[in-house]
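Peer 1: My questions concern the predicted model and sequence given below.
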Amino acid sequence: MNEDFKYQIIKKLVDVNGNKKAAVLRIGCTVRHLNRMIRGYRSKGKEFFIHGNKGIKPIHTISEDIRCMIIDLYKIKYHEANFTHYAELLDTHEGISVYPSTVNTILMAEHILYPKASRVTKKRVKKEVLEQLKASSLSTHKKDYIEKSIIAIEDAHPRRSRCAYFGEMLQMDASLHLWFGDTKSQLHIAIDDSTGVIVGAYFDHQETLKGYYNIFHQILLEYGIPYMFFTDRRTVFEYKQKKAPTTEEDTFTQFGYACKQLGVEIRISSVPQAKGRVERLFQTLQSRLPLELRIAGVTTIEQANVFLNHYVKEFNAKFALNINNTKSVFETQPTVEKINLTLAVLADRKVDCGHFVRFESKYYKPIDTDSNPTYFRKGTSALVIKAFDDEYYVSIENKIYGLEVIPDHKTASKNFDFPKDNPVKCKSYVPPMSHPWKHASFQEYLDKQIHRSNKTG
């Protein structure tokens, strides 16, 4: 249309010897260019106004075969991926290098929507499809009225800035999703608010204390002690039930006391928008991670946790900010021994009439550092410690002892089995009393818990 418009003006100008200044204003060009078009019209006629590249495809145009391949691969193999992730997968696994915007153009032309398409996009595509199906359609116009009002402060979720330092706030949550296989599982995640770095990730069947302990363990080993955790109102972080459970089942007390020993603050909110960083992270992972797990052939929890080790590093390199440019406020990493004893499950017990301690349906006898049994009177208070590495200890009268399980049947008989010559007696490791779990301090912490001091609700 623009070419024909110029042609008609120049043709009339030449035929009637019209005013060049008026023609310049109508076309929007200079007098010099107008003279150039007049000469071209006189030499070539209308052909001069047709652009030389008209009808010729650009050299970088994607061939029809590759275009069809992109559409077919998405429908058959990569239908769960968003368009940016799909472009990366094409480059990695199929050897097709295209921009995400190109993928978006090709697939949207076929009315293929990505999994997280907005309602506006879905509505627009639906409208386009209906218009194609109808031979003739009448356009309808609807007026949208936007009601402006001021909302209450408690209902508002204003945007806030990122934290200033790395380790100042770690947002932590879990997401139930069909990550792999045919059974849903929980992905526990901790992300740094300042840099967007995933600092811990762990799969488990349910959202449990074990999952969050494993994340905490990864953080302590890799980075150190953070300043704050920002979480939701799970019983791992805040107690709601009217009747307090047994000590070892009280996950709120267990995780809270571990944070207290390391000086980590816990901040809680029931509003998802308050911890939008981790909520948005789950949206990204739900569109990317299941497909990556499926391509890797992951089918079990154990395989998924191994896969996370290298996937998190790749994810951080692609999406997180550079932590080298951000000051870190993580405190010095504790020793492996202290981490192992801090992330523990505690339980109050009494020594029974057989001088043993019952825990998790098994009987244990206290032993000293030389693996010699130690016997206490019936009713003596004891604090059983199940460490992170599943080793068992007991704190009795301000001293730490190891625990040796009592088997249901003896492994050897004095009457029918010959004794071994010079049997080697292995000493059991017993941590020093400087470890974080002391019976008195733990009992003091229990007494301060509202849900434990008011058991009747």
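Peer 2: Sure, I can see it. Numbers count the residues shown, from 1 in each chain.
Peer 1: C-alpha only now, for contacts and for neighbours.
Peer 2: OK.
Peer 1: Show me what I266 is bridged to.
Peer 2: Beta-bridge partners of I266, counted by DSSP bridges, are F229.
Peer 1: so Y99 sits right up against Y86, yeah?
Peer 2: No - assessed by C-alpha atoms under 8 Å, Y99 is found out of contact with Y86, at 9.9 Å.
Peer 1: who's more crowded, these two?
Peer 2: Counted by other C-alpha atoms under 10 Å, Y99 and Y86 do not tie: Y86 has more neighbours, with 24 against 15.
Peer 1: tell me the contacts of that one?
Peer 2: Y74, Y78, P100, V103 (C-alpha atoms under 8 Å, 6 or more residues apart in numbering).
Peer 1: any idea which helix or strand carries the first one?
Peer 2: Y74 belongs to helix 64-76 when elements are defined using DSSP states H and E.
Peer 1: mind checking how far that helix is from the chain centre?
Peer 2: 30 Å (C-alpha atoms, centre = their mean, to the nearest Å).
Peer 1: T231 against M169, yeah?
Peer 2: No - contact between T231 and M169 fails when scored by C-alpha under 8 Å: they sit 10.3 Å apart.
Peer 1: overlap in contacts of the two?
Peer 2: Shared contacts of T231 and M169 (C-alpha under 8 Å, 6+ apart): none.
Peer 1: Confirm V24 sits in a helix?
Peer 2: Yes - under DSSP: H, G, I helix; E, B strand; the rest coil, V24 falls within a helix.
Peer 1: So it is in contact with L34, correct?
Peer 2: Yes - using C-alpha under 8 Å, V24 is in contact with L34, at 6.8 Å.
Peer 1: follow-up on the earlier one: how about the helix holding Y74, which residues are buried there?
Peer 2: Across helix 64-76, burial judged by 16 or more other C-alpha atoms under 10 Å covers I70, I71, Y74.
Peer 1: what's the answer for stretch 14-31, then?
Peer 2: A23, V24.
Peer 1: And for stretch 116-133?
Peer 2: For stretch 116-133, by 16+ other C-alpha under 10 Å, it's V125.
Peer 1: Where does pLDDT dip in the stretch 1-150 of the chain?
Peer 2: Residues of the stretch 1-150 of the chain that meet the criterion pLDDT under 70 lie in 1, 52, 55, 59-60, 135-150.
Peer 1: Against S361, how distant is V351?
Peer 2: 14 Å (C-alpha to C-alpha, to the nearest Å).
Peer 1: Compare the two and say which is more crowded by neighbours.
Peer 2: The neighbour comparison of V351 against S361 (other C-alpha under 10 Å) goes to V351, with 21 against 6.
Peer 1: so who does the more buried one touch?
Peer 2: Neighbouring residues of V351 by C-alpha under 8 Å, 6+ apart: V357, R358, F376, R377, K378, G379, T380, S381, A382.
Peer 1: Just the buried residues of these.
Peer 2: V357, F376, S381, A382.
Peer 1: Just the ones of those in helices?
Peer 2: The members of the buried ones among the contacts of V351 all map outside helices under DSSP state H.
Peer 1: Quick check: bridge partners of A382?
Peer 2: R349.
Peer 1: Surely it is in contact with D352?
Peer 2: No - with contact defined as C-alpha under 8 Å, A382 does not reach D352; the gap is 10.7 Å.
Peer 1: so how many other residues sit close to K44?
Peer 2: Neighbour count for K44, taken as other C-alpha under 10 Å: 10.
Peer 1: That one - that's part of a helix, no?
Peer 2: Yes - K44: assigned to a helix according to three-state DSSP.
Peer 1: Roughly how far does it sit from N35?
Peer 2: 14 Å.
Peer 1: before we move on, what about Y392?
Peer 2: 96 Å.
Peer 1: cool, S97 as well?
Peer 2: Distance from S97 to N35, counting by C-alpha to C-alpha: 46 Å.
Peer 1: What count of nearby residues applies to N2?
Peer 2: Burial of N2 is recorded as 8 neighbouring residues (other C-alpha under 10 Å).
Peer 1: Now the terminal residues of stretch 77-84, how far apart.
Peer 2: 15 Å.
Peer 1: Can you give the contact residues for it?
Peer 2: By C-alpha under 8 Å, 6+ apart, stretch 77-84 touches L73, Y86, P100, V103, N104, Y114, P115, K116, S287, R288, L291.
Peer 1: swap the cut-off to 7 Å and go again
Peer 2: Y86, P100, V103, N104, Y114, P115, S287, R288, L291 (C-alpha atoms under 7 Å, 6 or more residues apart in numbering).
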